[in-house]
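# What would the 3D arrangement of this be:
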Amino acid sequence: MTTTRVAAPPEAAPEKAGARQWLGLAVLLLPVTLMTADLGVLWLATPYLAADLRPSGAQLLWITDIYGFLTAATLVVMGALGDRLGRRRLLTAGSAGFLLASLLAAYAPNAGTLIASRALLGVAGAAVLPSTLGLISHMFADARQRATAIAMWVTALSVGLAIGPVIGGVLLASWWWGSVFLMGLPVMLLALLAAPVLLPEYRDPAPGRLDPASVLLFLLAVLPLVYGVKSLAAHGPTAEAAVAFALGAGFTVLFVRRQNRLAAPFLDLRLFRNRAFTGALLTLLLGMTALNGVEYLIPQYLQSVAGLPPLEAGLRLLPGAAGLIAGSQLTPFVARRVRPAYVLAGGLLVSLAGYAVIALSAGVTVAALGLAVIMFGAAPISVLGTALAVGAAPPGKAGAAAATGQTAYDLGLALGIAVTGSVAVAVYRDGVPADAPAAARESLGAALTLADDGVRAQAREAFTTALQSASALSAVFALVTAVVVLALLRGVPRT
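You can find the predicted model right below:
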């Protein structure tokens, strides 16, 4: 008796995305660009809001980097909520929150209100970012189209980081400092109107139970550590900073213990046993810390020390934007031929040259060209970092890996201002005469309002020294990042 085998029908090829999906992608990329642009759009406005609101040195740092800290602290939480509530729903809620917080920031009457509104912007941004990436993965079933869409998402992040200060310069040429927050209104309004038409709703069909205790412990672990860094930067070693670090460390231990006990943990800590995953996160964290401290200070240097008007200062930042965009476009081409560890390490060595130029010299041209070299060399971190973290995780953990990678990226950007910027503040204070008014020792903006030409000149010189010191520290971070890359990522194959 002969048995006839019936061949199984071939699996249908994934349906290719059409015009609606690509239009939906365009709608998603606009908020992504805005999220990172909002990290830097305030830099050129800093001298103007400092003169208007008169914040202390510590408040000025909070105004600048509370956005990045809150985005990083709540990103994983928002990703988990999106899986359960629906990613389009969370995107529209985040967009609405961003609209309201932008209006509050634009018309803030004092430093405290501006800090609070920037914090709300950070939480709203954390709702938007994971929703965009999750929707892209759902909208593009074809692997090649999905890879193209994700590459465009990564490019949008880089473009936003590059053009934020430039847009700020253009707006400040004609408007008041609060106008830099209003640029997000049409972007988020478009997202709110177009999302129901062009974007599908998607939620995880089996997300598991969200553990409220894990969410609470995660926030209680991250936020005190953030506060401790800021307190240490503003006041040096104090009992307040020690208590904050102790609380953060204690809640971190409790969070880790709870995750290890749960069958479906909020954050799967087993991912960190993978050298490539841990190496990718450290690369994102340290590399962005090195970049953002200097990038934050250069716009202030161009305006307050070199005396450039906002528009001209913004134009001087264009080489930096071009460097980041060029590096972002070149990285995938090189990464197909060279292992990512060597692409990353090579870029970091290039950025070292930019940090060295700024640390050893001064002047408008030096600052602009040095920043261009730094941004070009740092581009591979933005392009490859999250992709390496996702690639090192099991397929079922790709979403958690992407959220964790983005958290490391945003936290690094915020730490760059907190750590490197705090060193710059300390160096600046040491350079201003001890008998100068207290406000002048707190910030360069306050010093420039004084009638004393001698104090103003010394304050400008002190800020120049502060920028050079920050650049030297960033070079150390970049060198440490290169060591981490070569130690942990050498075994990762070409992408």
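# When you work out contacts or count neighbours from here on, use the C-alpha atoms and nothing else.
Noted.
# Report the residue spans of the stretch 301-450 of the chain with pLDDT below the cut-off.
394-400, 439, 442, 445 (pLDDT under 70).
# let's go with 50 and repeat that
Residues of the stretch 301-450 of the chain meeting the criterion pLDDT under 50: none.
# Would you map the helices across the stretch 51-200 of the chain?
Along the stretch 51-200 of the chain, the segments classed as helices by DSSP state H, counting those that start in this stretch run 57-85, 87-106, 111-139, 143-172, 179-182, 184-198.
# Same question for the stretch 301-450 of the chain.
Along the stretch 301-450 of the chain, counting by DSSP H, counting those that start in this stretch, helices occupy 310-316, 318-335, 340-360, 364-392, 398-415, 421-431, 438-442, 444-447.
# possible to save the helices of the stretch 51-200 of the chain as JSON lines with mean neighbour count?
Below are the helices of the stretch 51-200 of the chain laid out as JSON lines (neighbours: other C-alpha atoms under 10 Å):
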{"stretch": "helix 57-85", "mean neighbour count": "23"}
{"stretch": "helix 87-106", "mean neighbour count": "22"}
{"stretch": "helix 111-139", "mean neighbour count": "24"}
{"stretch": "helix 143-172", "mean neighbour count": "21"}
{"stretch": "helix 179-182", "mean neighbour count": "22"}
{"stretch": "helix 184-198", "mean neighbour count": "17"}
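# Adding mean pLDDT and distance to residue 327, write the ones you listed out as TSV.
Below are those laid out as TSV (pLDDT from 0 to 100; distance: least, C-alpha to C-alpha, whole Å):
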stretch	mean pLDDT	distance to residue 327
helix 57-85	76	23
helix 87-106	88	29
helix 111-139	83	22
helix 143-172	75	10
helix 179-182	84	27
helix 184-198	83	26
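# Of these, which is nearest residue 365?
helix 143-172 (16.3 Å; C-alpha to C-alpha).
# so which of the helices of the stretch 51-200 of the chain comes closest to residue 269?
Going by C-alpha to C-alpha, the one of these nearest residue 269 is helix 57-85, 13.1 Å.
# picking that back up, can you put the helices of the stretch 51-200 of the chain in TSV and add distance to residue 443?
Formatted as TSV, the helices of the stretch 51-200 of the chain follow (distance: least, C-alpha to C-alpha, whole Å):
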stretch	distance to residue 443
helix 57-85	6
helix 87-106	21
helix 111-139	14
helix 143-172	20
helix 179-182	21
helix 184-198	28
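# so which of these gets nearest residue 293?
The nearest among the helices of the stretch 51-200 of the chain, by C-alpha to C-alpha, is helix 57-85 at 10.4 Å.
# I'd like to know which elements that closest one is packed against.
helix 19-40, helix 87-106, helix 111-139, helix 212-235, helix 398-415 (3 or more C-alpha pairs under 8 Å, 6 or more residues apart in numbering; DSSP states H and E).
# Surely residue 379 is in contact with residue 332?
No. The criterion here is C-alpha atoms under 8 Å, and residue 379 misses it with residue 332 at 10.6 Å.
# ok, the two, which is more surrounded?
residue 379 (27 against 18; other C-alpha atoms under 10 Å).
# Against residue 24, how distant is that one?
In this view, residue 379 and residue 24 are 26 Å apart by C-alpha to C-alpha, to the nearest Å.
# can you pull the contacts of residue 489?
275, 276, 279, 280, 340, 341 (C-alpha atoms under 8 Å, 6 or more residues apart in numbering).
# Pull the most distant pair out of those.
Farthest-apart pair in these is 275 and 340; separation 14.2 Å (C-alpha to C-alpha).
# For these two, indicate the residue with more neighbours.
Taking neighbours as other C-alpha under 10 Å, residue 275 and residue 340 compare with residue 340 leading, 28 against 16.
# where's the more buried one relative to residue 382, distance?
Taking C-alpha to C-alpha, one finds residue 340 at 12 Å from residue 382.
# And for residue 89?
27 Å.
# confidence score at the spatially closest residue to residue 420 that is not a sequence neighbour?
In space, residue 420 comes closest to residue 293 once its chain neighbours are excluded; the distance is 5.0 Å by C-alpha to C-alpha, 6 or more residues apart in numbering. Predicted confidence (pLDDT) at residue 293: the value is 76.
# Renumber starting at 171 from here on
OK, 171 is where the count begins now, so the last one is residue 463.
# Could you tell me the angle between the helix or strand hosting residue 463 and helix 591-601?
Counting by DSSP states H and E, the element that carries residue 463 is helix 445-470. Angle of helix 445-470 versus helix 591-601, following axes from the mean of the first three to the mean of the last three C-alpha atoms, to 10 degrees, is 40 degrees.
# Next, the buried residues of helix 445-470.
Across helix 445-470, burial judged by 16 or more other C-alpha atoms under 10 Å covers 445-470.
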